[in-house]
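Visitor: when you get a sec, could you give me coordinates for this:
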Amino acid sequence: MATNVYSVTSTSPARIQRSRFLARSSSKSPNFAHVPLLQRRVVTLAASDDLDVIPVQSHDSADQQDGVSVLSAMAAHMEGQIDELQQQGGIIINGGSPTTTSSTQQLGLAGGGGLSSSDPLIQAGEGEKRAEEITTMVDRTINASIVLAAGTFAVTKLLTVDHDYWHGWTLFEIVRYAPLHNWNAYEEALKTNPVLAKMMISGIVYSLGDWIAQCYEGKPLFDFDRARMFRSGLVGFALHGSLSHYYYHFCEALFPFQDWWAVPVKVAFDQTAWSALWNSVYFVVLGFLRLESPVTIFSELRATFWPMLTAGWKLWPFAHLITYGVIPVEQRLLWVDCVELVWVTILSTYSNEKSEARNNNSEASNNSLLH
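Guide: Just a heads-up that it's a prediction; the model follows:
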């Protein structure tokens, strides 16, 4: 039976020796298993580079052995080109069929086995990337709008506190009297509706504190998690402001003494009973707002309860010497909320790090399953 073999028309001993050397070394290559599937596509390209090959019919076993050797040499030569492209990131072998790593690159091989960016997997990856970029841009725009609107509203309210009777005032007079008159407006709000005024202040502080915490964690200024920030602000508004109002009055009733030793006693009570209670409330409510299971919430609370409590001891005892020694009871929450900008950064980081780590691990697992 006649067999197709390949005869080398070049009589250069060096080229023949090189082909046989490639044939011997190719069988030891880890990528050689992929090459036979590509031989029909690459034989013309390999032959045109180094060897002049003519297909002939032969019954001679010696010719057949030489033909197999030449074919192996050509396959080994192409395998070397594939290895080089793999190192450069130009081509990947997936189950014997090549795909390009660039969406715009096309590598045409003889025999019609061209490589194109029309691969469905490549198109799906590019579509997913574009959708992610669009989502990120939309989120940044929304976040920037929220920050700009809130900042504009706050500055406008502070500067226009005297708008009812500033007719004829100069700009210098408006700016000069704005701080004093804003303070008077705050004191008036404390007299008319003290709980609501303190709730609003705590809501603003807890929102800002969480935003600062996210920036401290490495997120860009306008890439913050809106849902996380609003959850923190909601807890501050609904719980911290109102509970703190009643707590400071309760503390004064519990320790009505005016002696010097009453201040450290109040600080010690604050940093044990009250801090433990409030840290737990904050952590648990945020967990429920994230729709986590009670088992997960309380297991993480047990893990973070002591670190959160001791972290507060590095800040609050010094601040509360002023709180209980200098500040009147009605003004205490405002002073405390100013310090809370630092503390909420710490508290929010503790309460969200495990949840975010768990979400990141879940996303990584899903991506690994998809790919």
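Visitor: packing partners of the helix or strand harbouring Cys251?
Guide: Per DSSP states H and E, Cys251 falls inside helix 241-254. The contact analysis (3 or more CB pairs under 8 Å, 6 or more residues apart in numbering; DSSP states H and E) places helix 241-254 against helix 194-216, helix 262-269, helix 332-370. Yep, even glycine has a C-beta here, placed from its N, CA and C like the rest.
Visitor: so which bits of it are buried?
Guide: Using 16 or more other CB atoms under 10 Å as the test for burial, helix 241-254 gives 241-245, 247-248, 251.
Visitor: relative to helix 194-216, how tilted is that helix?
Guide: 120 degrees (axes from the mean of the first three to the mean of the last three CA atoms, to 10 degrees).
Visitor: pick out the shakiest of the helices and strands packed on helix 241-254, pLDDT-wise.
Guide: Ranked by mean pLDDT, the helices and strands packed on helix 241-254 bottom out at helix 332-370, with a mean of 71.
Visitor: put together a markdown table for the helices and strands packed on helix 241-254, with mean neighbour count on each row.
Guide: Below are those laid out as a markdown table (neighbours: other CB atoms under 10 Å):
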| stretch | mean neighbour count |
| --- | --- |
| helix 194-216 | 21 |
| helix 262-269 | 16 |
| helix 332-370 | 16 |
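Visitor: for Asn270, give me its contacts.
Guide: No Asn there; residue 270 is Asp. 251, 316, 320, 323-324 (CB atoms under 8 Å, 6 or more residues apart in numbering).
Visitor: those: which two are farthest apart?
Guide: Cys251 and Trp316 (13.8 Å; CB to CB).
Visitor: count the neighbours of Thr152 for me.
Guide: Number of residues near Thr152 (other CB atoms under 10 Å) recorded here: 10.
Visitor: could you check how far it is from Val285?
Guide: Going from Thr152 to Val285 by CB to CB, to the nearest Å gives 30 Å.
Visitor: same deal with Val205?
Guide: When Val205 is compared with Val285 (using CB to CB), they lie 16 Å apart.
Visitor: got CSV for the helices and strands packed on helix 241-254, with distance to Thr135 too?
Guide: Shown next, in CSV, are these (distance: least, CB to CB, whole Å):
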stretch, distance to Thr135
helix 194-216, 18
helix 262-269, 47
helix 332-370, 14
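Visitor: so which of those is nearest Glu300?
Guide: Per CB to CB, nearest to Glu300 of the helices and strands packed on helix 241-254: helix 332-370, 5.1 Å.
Visitor: tell me where the model's unsure across this protein.
Guide: 1-119, 351, 353-371 (pLDDT under 70).
Visitor: quick one, helices of it?
Guide: Secondary structure of the chain (DSSP state H): helices located at 13-26, 39-50, 61-88, 120-159, 171-192, 194-216, 226-235, 241-254, 262-269, 275-289, 294-312, 316-325, 332-370.
Visitor: ok, which of these comes nearest Tyr165?
Guide: helix 171-192 (10.0 Å).
Visitor: who touches Val336 in this structure?
Guide: 244, 319, 323.
Visitor: can you give me the distance of it to Tyr206?
Guide: From Val336 to Tyr206 the distance is 12 Å (CB to CB).
Visitor: and Phe250, by the same measure?
Guide: From Phe250 to Tyr206 the distance is 21 Å (CB to CB).
Visitor: cool, and Glu217?
Guide: 16 Å.
Visitor: likewise Arg130?
Guide: 36 Å.
Visitor: same thing with Cys215?
Guide: 15 Å.
Visitor: again with Thr156
Guide: 22 Å.
Visitor: thanks a lot, see you next time.
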